[in-house]
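Asker: I would like to see how this sequence folds:
(chains A and B)
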Amino acid sequence: MIAALRMVFSNPKYLVLSVAIFSLMMVGLLILSEYIFLEPYLVSHLPSGTEFGFVLIVILSALSALVLPMNVFRISILKRSSQKVSGGIFGSIVGAAAGACSCGPIGFAVISTFGSVGATTTAFLTNYELPIRIVAIGILAITYFTTVRSLKTECKLDFKR
Amino acid sequence: MNKTGIFVGIIVIAVVVGTATAMSMMSSETLNIETGRTHGTVSTEMGSPILGDPSAPITIVEFGDYQCHQCYNWFHNTRPAIFDEYIDTGKANLVFVDLAFLGRDSPVAAQATYCAEDQQMYWEYHDILYNSQESQIDGGWASSERLKAFAFNLGLDTELFDSCLDSGKYSKRVQYNSEQARNHGVRGTPGFILVGTDDQKQLGGAQPFTVFKQILDTLA
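Answerer: Numbering: from 1, shown residues only, chains lettered A, B, ... in the order given. Okay, here's the model as predicted:
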């Protein structure tokens, strides 16, 4: 597992990509879930009772930052199929969508634009925010382990050739 | 000629009926408006009673939804400190204006608070809603039956309360409040307009007390 990570992230390009994904997802989700406010000035806030949600955001961002660059590596260096990267992207998007609390500006805009359909969607995302994030983490974890396994296999096969 | 006469007659009747309907709707809306109370640019006439000293130099106008989780967070994490430092000391007062948009139970819960106001228990009912909020939007915790049960628990006259809630007496009041929020560019709940003597500032989200303190101190 460590060998696979070392192989991918020894290339600075993938390290930069990983840091960028982690930062963007983490900051974006923290803003959406109102752990960070940009106005009237930058302030972070962890209300009591929301600690678990915060931890899930950190895990989700970290897993996305691992899985997506590894799959980009598989596609661009090893020229393998893009099937696994879609699992990573799907997990990241599902996890991020769950953070779009219906109380916040995004939820309000969705409900104002799409009416009852928007209200039902945002209510679902809010009601099941934590379970959806856990499922997304599960998808990313499975994608991570299958990617590591296939990197080991594919690299061995390539080496033998 | 006869056909033209019938056609003109139908148009005249339609115009008369339409005008009468519009006037009756306007008059029923006008009846609900209290005294034209405003705070800064916000019309709070249809909002909650003022909590705290009405002559306080600062008014915190909160736009909220009873099913909103962030409103719950603000109610439990930030509001107590604002109460201790600003409202209990007479430096500020608070008005709640409904932005009931999250689910089908949201407007009904907002209407229920005004039915409680009829019995001088608006803020007690407001507090019971934010103390009883559950995680599921439209999950039943703010259903009509539960709202009536809250009124019973508070010792309200349940017959009066139930008939008020069932009649939809305050539905237009809640709609009016939501329009006020939209007209002032409130894009989520909780949203705040902090009104001082010469200035007003807008703030979005369940922000921590330190942010409120900094703004309130500049408005004082």
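Asker: stretch B:147-160: end-to-end distance?
Answerer: In terms of C-alpha to C-alpha, to the nearest Å, the two terminal residues of stretch B:147-160 are separated by 13 Å.
Asker: in it, what counts as buried?
Answerer: Judged by neighbour count (16 or more other C-beta atoms under 10 Å in any protein chain shown), stretch B:147-160 contains these buried residues: B:L147, B:K148, B:F150, B:A151, B:L154, B:L156. Quick note: C-beta positions are derived from backbone N, CA and C, even for glycine.
Asker: and the last one, how far from chain A?
Answerer: Using C-beta to the nearest C-beta, to the nearest Å, one gets 28 Å for the distance from B:L156 to chain A.
Asker: which residue packs closest to that residue, ignoring adjacent ones?
Answerer: Leaving aside its chain neighbours, B:L156 sits nearest to B:Q119 (5.1 Å; criterion: C-beta to C-beta, 6 or more residues apart in numbering or on different chains).
Asker: again, but for the second one
Answerer: The spatial neighbour of B:K148 that comes closest, neighbours along the chain excluded (C-beta to C-beta, 6+ apart), is B:D162 at 5.5 Å.
Asker: contact partners of the helix or strand where that neighbour lies?
Answerer: Using DSSP states H and E, B:D162 sits within helix B:158-167. Identification of contacts with helix B:158-167 by C-beta atoms under 8 Å, 6 or more residues apart in numbering or on different chains yields B:108, B:111-112, B:114-116, B:118-119, B:144, B:147-148, B:151-152, B:170.
Asker: for B:D65, give me phi and psi.
Answerer: Dihedral angles of B:D65 (phi, psi; degrees, to the nearest 10) stand at phi -130, psi 140.
Asker: ok, now B:L203?
Answerer: Backbone torsions for B:L203, taken as degrees, to the nearest 10, come to phi -140, psi 140.
Asker: who's the residue nearest to it when sequence neighbours are not counted bridged to?
Answerer: Counting by C-beta to C-beta, 6+ apart, B:F192 is the residue found nearest to B:L203 once chain neighbours are left out, at 4.3 Å. Bridge pairing for B:F192 (DSSP bridges) gives the partners B:E62, B:L203.
Asker: I'd assumed B:V211 was in contact with B:F192.
Answerer: No: using C-beta atoms under 8 Å as the test, B:F192 is too far from B:V211 to be in contact (10.0 Å).
Asker: look at these two and report which has more neighbours.
Answerer: Taking other C-beta atoms under 10 Å in any protein chain shown, B:F192 and B:V211 do not tie; B:F192 has more neighbours (24 against 19).
Asker: give me every residue that touches the more buried one.
Answerer: By C-beta under 8 Å, 6+ apart, the contact set of B:F192 is B:I60, B:V61, B:E62, B:F63, B:Q202, B:L203, B:G204, B:F212.
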